[in-house]
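A.B. asks: Quick one, fold the following:
(chains A and B)
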Amino acid sequence: MKPLVLNVPDWAALVTAVLVLLGSGLAFTGSLGLLRLSRFYDRMHAPTLGTTLGIGSVLIASMIFFSVMQTRPVLHEILIAAFMVVTTPVTLTLLARAALYRDRIEGNPDVPPMIGKQRRRTPRSD
Amino acid sequence: MATFLAWSILVSQVLLALAMVFASYRVLWGPRAQDRVLGLDTIYVNASIMLLTFGIRTGSSLYFEAALIIALLGFVGTSALAKFLMRGEVIE
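C.D. replies: Below is the predicted model:
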């Protein structure tokens, strides 16, 4: 193992270790859910465990570690955090809408029907 | 306490590598196309977290820029693939 560049005090090393373990454990749990869950719409929400709190706690650990090591505030990890917070809902909404569109085109029975078609059907019944 | 930090970073890197293996199972054998796209997005996020842990381990801030670029490329790639699944072409 390559030796660490470590002139950090004990409390910073402890906090960094706990936060890194928490974040990677959450990312691992999310990917395990991606592997194990049965339907696509169940599988879709599992990796967001890693994209929100997983990468967030690793970023907080990195901020604490580099701030203590360089004895000045190092805050540029906020860039990644803000970027992930903005982009993850956008991409997953696009992907969910694409999957729903494909399922409806195929006539898959276990997706909800379109609301517009239901409204059009009800006046014709009388 | 420094050895505890080193070991916990090693354990977290092993966990992230296992997570990337699980996600690449979905990329390779996912039943449908949207499963493959979701697995690719998960691989991007896990690679970004793993680069951050490498940065903590070596104490250099060079890995931060690589993690930022990987997160950015993951957003662009997943949006383009979702658009492709929806419409059949990326640029209309």
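A.B. asks: Would you tell me which helix is longest in chain B?
C.D. replies: helix B:2-29 (DSSP state H).
A.B. asks: could you give the mean pLDDT of the longest helix along chain A?
C.D. replies: Using DSSP H, we find that the single longest helix of chain A is helix A:78-106. Helix A:78-106 carries an average pLDDT of 90.
A.B. asks: List the residues that contact the most centrally placed residue in chain B.
C.D. replies: Nearest to the mean C-alpha position of chain B, counting by C-alpha atoms, centre = their mean, stands residue B:44 at 2.3 Å. Contacts for residue B:44 were tallied using C-beta atoms under 8 Å, 6 or more residues apart in numbering or on different chains; they are B:70, B:71, B:73, B:74, B:77, B:78. The way it works is simple: take the backbone N, C-alpha and C, and place the C-beta from them, glycine included.
A.B. asks: among those residues, which are in helices?
C.D. replies: Counting by DSSP H, the part of those found in helices is B:70, B:71, B:73, B:74, B:77, B:78.
A.B. asks: Can you sort out which of those also neighbour chain A?
C.D. replies: Among the ones in helices among the contacts of residue B:44, the residues within reach of chain A (C-beta under 8 Å from any C-beta of the partner chain) are B:71, B:78.
A.B. asks: coming back round to it: list the buried residues of the following helix or strand past the longest helix of chain B.
C.D. replies: Helices and strands here follow DSSP states H and E; after helix B:2-29, the next one along the chain is helix B:33-58. Buried residues in helix B:33-58, counting neighbours by 16 or more other C-beta atoms under 10 Å in any protein chain shown, are found at B:34-57.
A.B. asks: again with stretch B:13-33
C.D. replies: Of the residues in stretch B:13-33, B:13, B:15, B:16, B:18, B:19, B:20, B:22, B:23, B:24, B:26, B:27, B:30 count as buried by neighbour count, 16+ other C-beta under 10 Å.
A.B. asks: could you redo those as a markdown table and give each row pLDDT and distance to residue A:99?
C.D. replies: Listed next are the buried residues of stretch B:13-33 as a markdown table, based on pLDDT from 0 to 100; distance: C-beta to C-beta, whole Å:
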| residue | pLDDT | distance to residue A:99 |
| --- | --- | --- |
| B:13 | 94 | 32 |
| B:15 | 95 | 28 |
| B:16 | 95 | 26 |
| B:18 | 95 | 26 |
| B:19 | 94 | 22 |
| B:20 | 94 | 23 |
| B:22 | 93 | 20 |
| B:23 | 93 | 17 |
| B:24 | 94 | 20 |
| B:26 | 91 | 14 |
| B:27 | 93 | 16 |
| B:30 | 78 | 12 |
